[in-house]
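Visitor: Fold the following.
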Amino acid sequence: MFLVLSLAAAAVLASAAEPPTLRMGLLKYKGGGDWYANPTALVNLARFCNQQLGANFDTDYGEVDVGSAELFNYAFVHMTGHGNVVLSDAEAENLRNYLIGGGFLHIDDNYGMDQYVRLAIKKAFPELDFVELPFEHEIFHQKFDFKNGLPKIHKHDGKTPQGFGLFWQGRLICFYTYECDLGDGWEDQDVHNDPEEVRLQALRMGANIIQYIFQQ
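Guide: Purely as a prediction, here's the structure:
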């Protein structure tokens, strides 16, 4: 059963001094890629969403295996890394069932995982393809307005950042941020020494993702 609440409902609970009702998940996968990269990212994103959206996230995120039944306890799961991603048949099926059943996956290429993550997602959804989201898509226009799409957080290969979506029956089930590196921008300032305005842009886009998935 998904722990899915509207942000408005979470805000009511928060104002009543109840314990946190929402928790972000960090996806664990095999293949050698460092799924554990950016350990402070979700902590800061949860805190920012609580402050800016009135959400009620626990800042202690959960680490969840892609093939585990525990995956279904999270409404939002974040995936990152720099290298290889390998899904077994069972893991691909579990991820597919999770996303079809109402879950959401945000993939953030921390540099070097693009070719691998595309193959992994294709294994779970052979009938679907990522499509680039236009700048007009609602995910870029929630509380914070990004008229030119994703912000550029780190240089990587110097390419323009792109946001790709995977849709199931009209619902965005996976958002893939490429050549952007939102997760690095979410990290503590002293990790990458990003200017505060760059970090703020990353956190604002992260909050937009959260706000969008809880209202779609």
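Visitor: Which other helices and strands does the helix ranked longest in the chain contact?
Guide: Longest helix in the chain by number of residues (criterion: DSSP state H): helix 196-213. Judged by 3 or more Cβ pairs under 8 Å, 6 or more residues apart in numbering; DSSP states H and E, the packing partners of helix 196-213 are helix 41-53, strand 171-178, helix 182-186. C-beta: built from backbone N, CA, C; applies to glycine.
Visitor: mind listing the strands in the chain by residue range?
Guide: Using DSSP state E, the strands of the chain run over 22-28, 57-65, 77-81, 105-109, 131-132, 162-168, 171-178.
Visitor: export those to CSV and tack on mean neighbour count, distance to Asp145 and mean pLDDT?
Guide: CSV is the format used below for the strands of the chain (neighbours: other Cβ atoms under 10 Å; distance: least, Cβ to Cβ, whole Å; pLDDT from 0 to 100):
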stretch, mean neighbour count, distance to Asp145, mean pLDDT
strand 22-28, 21, 24, 96
strand 57-65, 17, 23, 96
strand 77-81, 26, 23, 97
strand 105-109, 25, 19, 97
strand 131-132, 12, 19, 98
strand 162-168, 18, 15, 98
strand 171-178, 21, 17, 98
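Visitor: Save these as TSV, and put in distance to Leu99 too.
Guide: Listed next are those as TSV, based on distance: least, Cβ to Cβ, whole Å:
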stretch	distance to Leu99
strand 22-28	12
strand 57-65	14
strand 77-81	9
strand 105-109	6
strand 131-132	15
strand 162-168	7
strand 171-178	4
